[in-house]
Structures are given as C-alpha cells and as structure tokens.
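> let's see this in three dimensions:
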Amino acid sequence: MSNAGKVNSLKKQTKKHPNSIGGRFANKRRLPRKTNNKPATTQPVIVLFNKPFDVLCQFTDEAGRQTLKDFITIPDVYAAGRLDRDSEGLLLLTNDGKLQAQLTQPNKKTFKTYWVQVEGEPCESAIKSLSDGVVLKDGMTLPAKVKKMDPPNIWPRVPPVRERKSIPTTWLEVQICEGRNRQVRRMTAHVGHPTLRLIRYKIGQWCLDDLQSGQYKQISQR
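Numbers count the residues shown, from 1 in each chain. As a prediction, this is how the structure comes out:
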C-alpha cells in the first residue's frame, strides 16, 4: 500500500473511532468520579443515653423487643459502638460520622470504663492477669486498667441479678480500649469470675454522671 493509501486508511479509522489509532483505542475515556453529595454535618448532635438491661442497641426489631426507639425521640442519630442487650449504661449516639469513627475504630484507642459485678472475690493475681492481658479465642487482649471498687450507688436492675447466697460478689472497675464482642465478660470468666452485671460508665470524655436508667440528654460538642 502506498503512503497516501495508508494515510487515507488511518483517516477512515479515526473517523470511525475518534479515540483510536490504527484501529486500536489509544485511551479509554475516564468515567467521572463518583462524589459524595451528602452535605457535611453542620450541627453535630451528641446524645448520652443510659441504656437499661434487656434493650437492643438499634431502633427497630421485628420480634417486638425494646429498642432505642422506645426511649430516644431525637431523629437522625446513630449509636457510636454497641452495648450488649444484657449490659447497661452509657451509649453515645450522634449524627457526626467523624466522631463515630473516632470512638469505634480500634486504632484510635478510645478508653471505655465499665463497672463490673463478678462472682467471687478476685485475688491480686487475677487482677494482674486482667490488667496484663489474657488469651481469648480471638487472641490476646491489650493491657487494661483493672481495680477493685466499692459497690456503686446505682439504680436497681430489672430483673434483679441472680446471686448465690453462699458466694460473695465483687465490683471491679475495668478500662479497655478495645471493642471485641462481649470482651469484658469473657475476660472475667477466663480468670474464674463470671460477670453478673456489667455497666458502662464512661466513653472517652463522656460519662453517665447522674443520668438515670432509661434517660438521655443532648449535649453540646466540646
């Protein structure tokens, strides 16, 4: 084929495929990047809720069990982390995604404080084991801050805790920066002292103070 013929052939191919050279695509058109059109939170809302025993950390339940909807009327807030149905105490809800991530991502190491009633009287070696870390099925726990405490002046649980009269109970203050499933309960069981009652008292800088069971309050972000 002559040079003129080659040029004419290339022109025809270019008309047929504007982005091609010699019948082959030179560059595929880049699709526009998807953008997040969700507006940034201009009015952050923080809700502190004292979750009662036997309440689910969600707003709906097909089985008709008690949920957050039965207590909290503020719209568009979601729990930053979870609290087991059989646990009580502080639950933080917010519409601020950045704050949610800060409180729930393990690398942020946000400490949470629990008041834990356990069966029996843990000895110093058991307290040290909890503090240093214990080996659970999902691995070694990070070091925790654990100490005995006086029984707190708190609301009665409904239904009451089943205590065995022949076995004493002890209250512990446990601070951890992890959020594994039922972690505190598994930790105390590992050292031979099953958890009877578990109350989360503090998340980062926020705590229950005098908030009663089933009550919530909205606070300003500091």
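> where does the protein have low pLDDT?
Confidence mapping of the chain against pLDDT under 70 gives the ranges 1-42, 221-222.
> next, name the residue at the spatial heart of it.
Most central in the chain under C-alpha atoms, centre = their mean is Gly81, positioned 2.1 Å from the mean C-alpha point.
> show me the strands in this structure, by range?
For the chain, applying DSSP state E gives strands covering 20-21, 24-25, 46-51, 78-79, 88-94, 112-119, 135-136, 139-140, 145-149, 169-176, 195-203, 206-207, 216-219.
> and the ones you listed as CSV, adding mean neighbour count?
C-beta: built from backbone N, CA, C; applies to glycine. Output for the strands of the chain, formatted as CSV (neighbours: other C-beta atoms under 10 Å):
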stretch, mean neighbour count
strand 20-21, 13
strand 24-25, 10
strand 46-51, 22
strand 78-79, 18
strand 88-94, 23
strand 112-119, 22
strand 135-136, 13
strand 139-140, 10
strand 145-149, 15
strand 169-176, 19
strand 195-203, 21
strand 206-207, 14
strand 216-219, 13
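> format those as a markdown table; extra columns: distance to Glu163.
Below are the strands of the chain laid out as a markdown table (distance: least, C-beta to C-beta, whole Å):
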| stretch | distance to Glu163 |
| --- | --- |
| strand 20-21 | 80 |
| strand 24-25 | 75 |
| strand 46-51 | 22 |
| strand 78-79 | 30 |
| strand 88-94 | 16 |
| strand 112-119 | 8 |
| strand 135-136 | 26 |
| strand 139-140 | 31 |
| strand 145-149 | 17 |
| strand 169-176 | 6 |
| strand 195-203 | 7 |
| strand 206-207 | 26 |
| strand 216-219 | 29 |
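> figure out which of the ones you listed is closest to Ile127.
Nearest to Ile127 among these is strand 145-149; the distance by C-beta to C-beta comes to 5.5 Å.
> quick check: angle from the closest one to strand 112-119?
50 degrees (axes from the mean of the first three to the mean of the last three C-alpha atoms, to 10 degrees).
> partner strands of strand 145-149, with direction?
Using DSSP bridges, strand 145-149 pairs in its sheet with strand 169-176 (antiparallel).
> how big is the angle separating the strand it pairs with from strand 195-203?
Using the same axes, to 10 degrees: strand 169-176 against strand 195-203 is 40 degrees.
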